[in-house]
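Novice: kindly generate the corresponding structure for this input.
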Amino acid sequence: MLRFIINLILIIVAGLLQSATWFTLAGVKSDLVMVLVLVMLMIDHDWLDRLALILLGELMLQFGPRPDIYSIIFLGLMVISALVIDLVSLQPYLTLGSVVVAATILMNVYGHIPWSIILTESAYNLVLAILFYTVLKRPYGQKISK
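Specialist: Next up is the predicted model:
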């Protein structure tokens, strides 16, 4: 339960950081909430916890009174990513990297963002995901790979 509460707090902090204007690299903002949710999907295998983290991540990204197409894409991608993480038995860093890059590209293709920005954001998200995964897997004290 403590791990779940810490995950909720981390997603809330990530949502607040992501909305900050200074959180950019080369003019590109990372999708910090998406990256953290994906890392937590790799670490936590309880589906009820996963769904709660996905919904909280969506709430942190929701700026309007009702869901838009990006909300639906985010929710769908996170659920599909959780399924892929469970079904694909690659090395954990390779699985996480593949899911992060695919989710970043699919989130941004709909918005007609130039490919140079999408690739820069994918690299930025990939570095953050590897960093977060490396830092977070240690205190949780469980084997991540199947």
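Novice: how much space between the residue nearest to S30 when sequence neighbours are not counted and P92?
Specialist: With CB to CB, 6 or more residues apart in numbering as the criterion, S30 has its nearest non-adjacent residue at 4.7 Å, and that residue is Y124. All C-beta spots, glycine's among them, are computed from the backbone N, C-alpha and C. Distance of Y124 to P92, given as CB to CB, to the nearest Å: 20 Å.
Novice: between these two, who's got more neighbours?
Specialist: The neighbour count for Y124 versus P92, taken as other CB atoms under 10 Å, is higher for Y124 (20 against 17).
Novice: gap between the helix or strand hosting L10 and the chain center?
Specialist: Using DSSP states H and E, L10 sits within helix 2-18. Helix 2-18 has its C-alpha centroid displaced from the chain centroid by 12 Å (CA atoms, centre = their mean, to the nearest Å).
Novice: and it, what does it pack against?
Specialist: Here helix 2-18 touches helix 32-43, helix 47-61, going by 3 or more CB pairs under 8 Å, 6 or more residues apart in numbering; DSSP states H and E.
Novice: got the buried residues for that helix?
Specialist: R3, N7, L10, I11, A14, G15, Q18 (16 or more other CB atoms under 10 Å).
Novice: CA-only coordinates of it in CSV, if you can.
Specialist: Output in CSV follows, covering the C-alpha atoms of helix 2-18 (Å, rounded to 0.1, in the frame of the first residue of the first chain):
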residue,chain,number,x,y,z
LEU,A,2,2.9,2.4,0.8
ARG,A,3,4.4,1.8,-2.6
PHE,A,4,1.0,2.6,-4.3
ILE,A,5,0.7,5.9,-2.3
ILE,A,6,4.3,6.8,-3.2
ASN,A,7,3.5,6.1,-6.9
LEU,A,8,0.4,8.3,-6.7
ILE,A,9,2.5,11.1,-5.2
LEU,A,10,5.2,10.8,-7.8
ILE,A,11,2.6,11.0,-10.6
ILE,A,12,1.1,14.2,-9.0
VAL,A,13,4.5,15.7,-8.8
ALA,A,14,5.3,14.7,-12.4
GLY,A,15,2.1,16.4,-13.5
LEU,A,16,2.9,19.6,-11.8
LEU,A,17,6.5,19.5,-13.1
GLN,A,18,5.3,18.8,-16.7
